[in-house]
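> Dropping the sequence and predicted coords here.
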Amino acid sequence: MKKLLCLLLGGLAGAAQAQMPRMDLTIGFYRIETEVAADLKNRMQGLMGRRALAPQQGMLFVFPEVARHCMWMKNTFLPLSVAFLDEDGKIINIEDMQPETLDSHCAAKPARFALEMNQGWFAGKGIKPGSRLAGLGKVPPPQ
């Protein structure tokens, strides 16, 4: 019974993740395959429950308003780095986040987007605040 419940819940999580739009974005020479969390349900789900994320994959959070947004890692099993971005896609700040914690990681100033990648991805590529993410013009509007 417990195994069946786990399979059902896993299937539901996979179905929810499959509904998120996907698109390619670039930063410098690097292509990022992103899932786009543009509505409240998907922003709340984020990468919770995931056990793996390919090196070139990430999740872009599209917020309905420019504000000092914060992220946390409840029920998220992967160590992640989050880059907060302004409306033009310029990185404001990057924060490392530890799995399954409730610590808040916030934008240093008002942000429109947040991009989560595997922890260390930005540092490993030499991407720092001031770098610009390209391709945001095609992102679905927030809901």
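Received, thanks.

> The biggest strand by length in the chain pairs with which strands?
Ranked by residue count, the top strand of the chain under DSSP state E comes out as strand 57-67. Partner strands for strand 57-67, per DSSP bridges, with pairing direction: strand 30-37 (parallel), strand 111-118 (antiparallel).

> Show me what the last one is in contact with.
When contacts are taken as Cβ atoms under 8 Å, 6 or more residues apart in numbering, the neighbours of strand 111-118 outside the stretch itself are 25, 32, 34, 46-47, 53, 55, 57-63, 66-69, 71, 78-87, 89, 92, 107, 133, 136, 139. From N, CA and C alone the C-beta is placed, and that goes for glycine too.

> picking that back up, the strands paired with strand 57-67 into CSV, with extra columns for mean pLDDT?
Formatted as CSV, the strands paired with strand 57-67 follow (pLDDT from 0 to 100):
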stretch, mean pLDDT
strand 30-37, 98
strand 111-118, 98
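
> Mean neighbour count, those: which tops it?
Sort those by mean neighbour count, taking mean count of other Cβ atoms under 10 Å, and strand 111-118 sits at the top with a mean of 24.

> Just after the lowest-mean-pLDDT helix or strand in the chain, pick out the following helix or strand.
Ranked by mean pLDDT, DSSP states H and E, the helix or strand of the chain with the weakest confidence is helix 2-18, at a mean of 40. Moving toward the C-terminus from helix 2-18, the next helix or strand (DSSP states H and E) is strand 22-27.

> Which positions within that following strand qualify as buried?
Across strand 22-27, burial judged by 16 or more other Cβ atoms under 10 Å covers 25, 27.

> ok, now stretch 56-75?
The neighbour-count check on stretch 56-75 (16+ other Cβ under 10 Å) flags 57-63, 69, 71, 73 as buried.
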